[in-house]
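Student: Sequence first, predicted model second:
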Amino acid sequence: MADDPQGIISFTGIDPESILSGSFTLSHGITPSTGTLQVLVQQQPYEAGGTLAFEFGSTKFEFPDCRIIAGSATMGNEGESVTLTIQDRRWKWVNQHISGWYNKRSPDGQISKEPIDFEKTPQELAKLLLDEMKEGGYDVSKLPNDDRPEVNWDYANPAQELANLAEMYGCRVVLGLDNKVRLCVLGDGPPIPANGREVTDSIGVDPPERPDSIKFVASPTRWQGQFELEPVGEDITDGKIKPIDELSYKPATGWDKEYPGAFQGVPDDIQNDDVNDNTPFEGNTKARQRRRLCLDWVFKAYRIKCEAGATVNLFDSALIDASIRHLEQILPLADGLVEVYVDPLGAERHKAEYIEGLHWRFGIAELNKNGRTTEGFSLDRERGIVMFSNYMYRLGPNGETLPAQLYLTCSTYLKHVKTFSPIRYTRERKLPGKEFKTGPRVVARDDIYKTVKVEYGSDRKPVKKVDNLGKIDKHITYYLDAAQKEFETVQTLEKEYEGWHKIQPDGATHQVTWTVSDRGAFTKASQNSEHKRFTPGYLERRRREKQAEAQAVTPGIKKLLAILNR
């Protein structure tokens, strides 16, 4: 092969004749690929940036907008030389940002159309990112396009978000020899060529560190149901909220003989006070404070007792996929219901909580059976307490005063009975092959969540639940499919060729290296693997990229630092 052409490598501002050797490895991802040039020392300064070009006979390709990031000098047989480390143009992707909120969910989990249409396909999202990265001629057609992932970019790095989006659907960001960016499906691509110039050819397998299964974990489940309410008050002795029959200032004859608002059985005079400290002023103050608590709380405040239809002070778990044994498992309550309405401006909003049941309608000689109350109320979501603007009670058969029989319809995020962690919808997929008792690999998404609405019969017992699993399961399948690709055992192939060859990286070809030295010019390509062992692999590069993203200084912190450094 004496007539073979010579490999010529060049970089802007460097005499090609002074280049002793060179190597460049092109890899997947958003981290710049790197190469090295060993060059004889020259008098003029080296250009900080330029084009790295390769020529081997009629084969020519180049990488524009590279930059020199490091240099070191050595003394050898040929004199003093400098080793330059060069990055490809992906270094420019670091100092960019993008903002936007797309596929924003309305209260019912659907994509909001108001005040603007937030819907974007994955390919449209990728185009937004690439446009912000000042890329042209890109190809995102291989990205699955049926899903609608919610993204909320707030001065986010578009390259990081592009890598996140690609990985979500089992794809990779690939910079090609034509200087164009493509999103390639992992594992998708033709075999690296067999052209008769192979020097080495090796086949292997790359068994991943495979878990036994993959588990998708959604955002906390939002559950809507009906709760029975019980009358409560604040006790003067310890400040705790208690059922009215447990209050220290309960009248001796009980509450049924009291007229709300008068409460004559709860006097405020010192003679009837039980304070025995012989301090008239303090005793009188306590008595008035006790009466004030009575007026503010009794028959005005009601607290969640149990789910509607439950026969004991526990929650019925038949239709909520959970064991609810403590009030704290449902607190704090969510804002509004699972159900939504469209407001006059066209925006979808959660319907408001409502209360219904048996209570006396003041001024009307009838009992309002199981009807919604029109009385104004506020909801203490942290404690599950309803505070009415007026007294809510009912009259017994002999005209006695009884607590109203009330039920609150609201929504909440349930918690586990043992751990008090949020209950989330999960879906697990077993992976094929031998089971190693590893446990599942968790794939979590905050923009997907299960909703459950419990419907009740006329006796207020749960009869049916309606959920949104039919809507979210399709999206979950996308994420499970993408995650599973990471754990497929694939056949690897590595070939080294004499000369330089234009081998295009894609979903299957992960890495290509071109070298020139006194041995000659060679090309090495790897399929379903990476041959550059001393360079961090793709997964390690992504780990470092994500770590850097998590540690990035936010605009708010930057502003604070600017103030502190004045």
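Tutor: Good, I have the coordinates.
Student: Let's verify Gln123: helix, strand, or coil?
Tutor: Here Gln123 is recorded as helix under DSSP: H, G, I helix; E, B strand; the rest coil.
Student: residues in contact with it?
Tutor: Counting by C-beta atoms under 8 Å, 6 or more residues apart in numbering, Gln123 touches 140-141, 143, 145. Backbone N, C-alpha and C define where each C-beta goes, glycine included.
Student: For it, report the pLDDT, please.
Tutor: pLDDT, Gln123: 97.
Student: Also Asn368?
Tutor: pLDDT, Asn368: 52.
Student: From start to finish, how long is stretch 416-426 in a straight line?
Tutor: Counting by C-alpha to C-alpha, to the nearest Å, you get 14 Å between the two ends of stretch 416-426.
Student: ok, and what's touching that stretch?
Tutor: Identification of contacts with stretch 416-426 by C-beta under 8 Å, 6+ apart yields 215-221, 321-326, 328-329, 413-415, 449-450, 469, 472.
Student: which of the residues in it are buried?
Tutor: 423-425 (16 or more other C-beta atoms under 10 Å).
Student: Mind giving me the packing neighbours of whichever helix or strand Val82 is part of?
Tutor: Per DSSP states H and E, Val82 falls inside strand 79-87. Packed against strand 79-87 by the contact rule (3 or more C-beta pairs under 8 Å, 6 or more residues apart in numbering; DSSP states H and E) you find strand 34-40, strand 59-76.
Student: Helices of the stretch 251-400 of the chain, start to end?
Tutor: Under the criterion DSSP state H, counting those that start in this stretch, the stretch 251-400 of the chain contains helices at 280-297.
Student: now the strands for it?
Tutor: Remark: strands assigned in the stretch 251-400 of the chain by DSSP state E, counting those that start in this stretch are 301-307, 340-342, 348-350, 354-360, 367-372, 377-380, 385-388, 393-395.
Student: and Ser27, which of the ones you listed is closest to it?
Tutor: Nearest to Ser27, of all the strands of the stretch 251-400 of the chain, is strand 348-350, at 44.6 Å by C-beta to C-beta.
Student: Could you dump the strands of the stretch 251-400 of the chain into TSV with mean neighbour count and distance to Glu47 added?
Tutor: Listed next are the strands of the stretch 251-400 of the chain as TSV, based on neighbours: other C-beta atoms under 10 Å; distance: least, C-beta to C-beta, whole Å:
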stretch	mean neighbour count	distance to Glu47
strand 301-307	23	72
strand 340-342	14	60
strand 348-350	17	56
strand 354-360	20	71
strand 367-372	13	77
strand 377-380	15	67
strand 385-388	18	71
strand 393-395	19	87
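Student: Out of those strands, the one nearest Gly265 is which?
Tutor: strand 393-395 (14.9 Å).
Student: What pairs with the closest one, parallel or antiparallel?
Tutor: Paired neighbours of strand 393-395 in the sheet (DSSP bridges): strand 401-403 (antiparallel).
Student: The strand it pairs with: what's the following helix or strand?
Tutor: Strand 401-403 is succeeded, C-terminally, by strand 405-413 (DSSP H and E).
Student: quick one: average pLDDT of that following strand?
Tutor: Mean predicted lDDT for strand 405-413 stands at 94.
Student: Next secondary structure after it?
Tutor: strand 424-430.
Student: The closest residue to Val386 other than its chain neighbours pairs with what?
Tutor: Leaving aside its sequence neighbours, Val386 sits nearest to Tyr302 (C-beta to C-beta, 6 or more residues apart in numbering; 4.8 Å). Beta bridges link Tyr302 to Pro231, Val386, judged by DSSP bridges.
Student: Quick check: phi and psi on Ser18?
Tutor: Main-chain dihedrals, Ser18, degrees, to the nearest 10: phi -90, psi 0.
Student: What count of nearby residues applies to it?
Tutor: Each residue near Ser18 was counted by other C-beta atoms under 10 Å, and the total is 14.
Student: Ok, the one 4 residues further on next?
Tutor: Gly22 is surrounded by 24 other residues when neighbours are defined as other C-beta under 10 Å.
Student: before we move on, back to that, can I get the strands of the stretch 251-400 of the chain in TSV including distance to Leu129?
Tutor: TSV is the format used below for these (distance: least, C-beta to C-beta, whole Å):
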stretch	distance to Leu129
strand 301-307	46
strand 340-342	30
strand 348-350	27
strand 354-360	44
strand 367-372	49
strand 377-380	41
strand 385-388	47
strand 393-395	60
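Student: Where do the strands of the stretch 401-550 of the chain begin and end?
Tutor: Remark: strands assigned in the stretch 401-550 of the chain by DSSP E, counting those that start in this stretch are 401-403, 405-413, 424-430, 440-456, 462-467, 490-498, 509-517, 520-527.
Student: Next, format those strands as TSV and append distance to Leu165.
Tutor: Listed next are the strands of the stretch 401-550 of the chain as TSV, based on distance: least, C-beta to C-beta, whole Å:
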stretch	distance to Leu165
strand 401-403	55
strand 405-413	28
strand 424-430	22
strand 440-456	13
strand 462-467	28
strand 490-498	23
strand 509-517	19
strand 520-527	24
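Student: Would you give the sheet partners of the helix or strand containing Leu26, along with the direction of each?
Tutor: Element membership for Leu26 (DSSP H and E) is strand 19-27. As defined by DSSP bridges, the strand partners of strand 19-27 come to strand 34-40 (antiparallel), strand 509-517 (antiparallel).
Student: Quick one: buried ones out of the contacts of Gln123?
Tutor: Buried subset of the contacts of Gln123 (neighbour count, 16+ other C-beta under 10 Å): 140, 143.
Student: and the contacts of Gln123, which of them are in helices?
Tutor: Using DSSP state H, the subset of these located in helices is empty.
Student: pLDDT and distance to Gln123 for the contacts of Gln123 - can I get that in a markdown table?
Tutor: Shown next, in a markdown table, are those (pLDDT from 0 to 100; distance: C-beta to C-beta, whole Å):
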| residue | pLDDT | distance to Gln123 |
| --- | --- | --- |
| Val140 | 98 | 5 |
| Ser141 | 97 | 7 |
| Leu143 | 94 | 5 |
| Asn145 | 91 | 5 |
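Student: picking up where we left off before, distance of the residue nearest to Val386 from Pro208?
Tutor: Distance of Tyr302 to Pro208, given as C-beta to C-beta, to the nearest Å: 56 Å.
Student: The residue nearest the centre of the chain and Gly371: what is the separation?
Tutor: Nearest to the mean C-alpha position of the chain, by C-alpha atoms, centre = their mean, lies Asp446 at 3.5 Å. Asp446 sits 39 Å away from Gly371, taking C-beta to C-beta as the criterion.
Student: Equivalent analysis for Pro403, please.
Tutor: On the measure of C-beta to C-beta, Pro403 and Gly371 end up 17 Å apart.
Student: same thing with Gly71?
Tutor: Where Gly371 is concerned, Gly71 sits at a distance of 83 Å (C-beta to C-beta).
Student: Buried residues, the strand holding Val82. List them.
Tutor: Using 16+ other C-beta under 10 Å as the test for burial, strand 79-87 gives 81-82, 84, 86-87.
Student: Now find how far off-centre the following helix or strand past that strand is within its chain.
Tutor: Sequence-wise, the next helix or strand downstream of strand 79-87 (DSSP H and E) is strand 98-102. Centroid separation between strand 98-102 and its chain, computed with C-alpha atoms, centre = their mean, to the nearest Å, is 15 Å.
Student: Over to stretch 80-90?
Tutor: Centroid separation between stretch 80-90 and its chain, computed with C-alpha atoms, centre = their mean, is 39 Å.
Student: What of stretch 348-361?
Tutor: The chain centroid and the centroid of stretch 348-361 are separated by 33 Å under C-alpha atoms, centre = their mean.
Student: Can you pull out the residues in contact with that stretch?
Tutor: The contact list for stretch 348-361 (C-beta under 8 Å, 6+ apart) reads 106-108, 110, 112, 114, 229, 333, 335-343, 367-373, 377, 379, 386, 392-395, 404-411.
Student: Kindly format the C-alpha coordinates of it as CSV.
Tutor: What follows is stretch 348-361, C-alpha atoms only, in CSV (Å, rounded to 0.1, in the frame of the first residue of the first chain):
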residue,chain,number,x,y,z
GLU,A,348,-59.8,25.5,33.2
ARG,A,349,-59.9,25.6,37.0
HIS,A,350,-60.6,23.2,39.8
LYS,A,351,-64.2,23.2,41.0
ALA,A,352,-64.6,24.5,44.6
GLU,A,353,-65.2,22.2,47.5
TYR,A,354,-68.8,22.0,48.7
ILE,A,355,-70.8,20.9,51.8
GLU,A,356,-74.1,19.2,51.9
GLY,A,357,-76.2,17.4,54.5
LEU,A,358,-78.9,17.9,57.1
HIS,A,359,-79.1,21.3,58.7
TRP,A,360,-81.6,23.8,59.9
ARG,A,361,-82.3,26.7,57.5
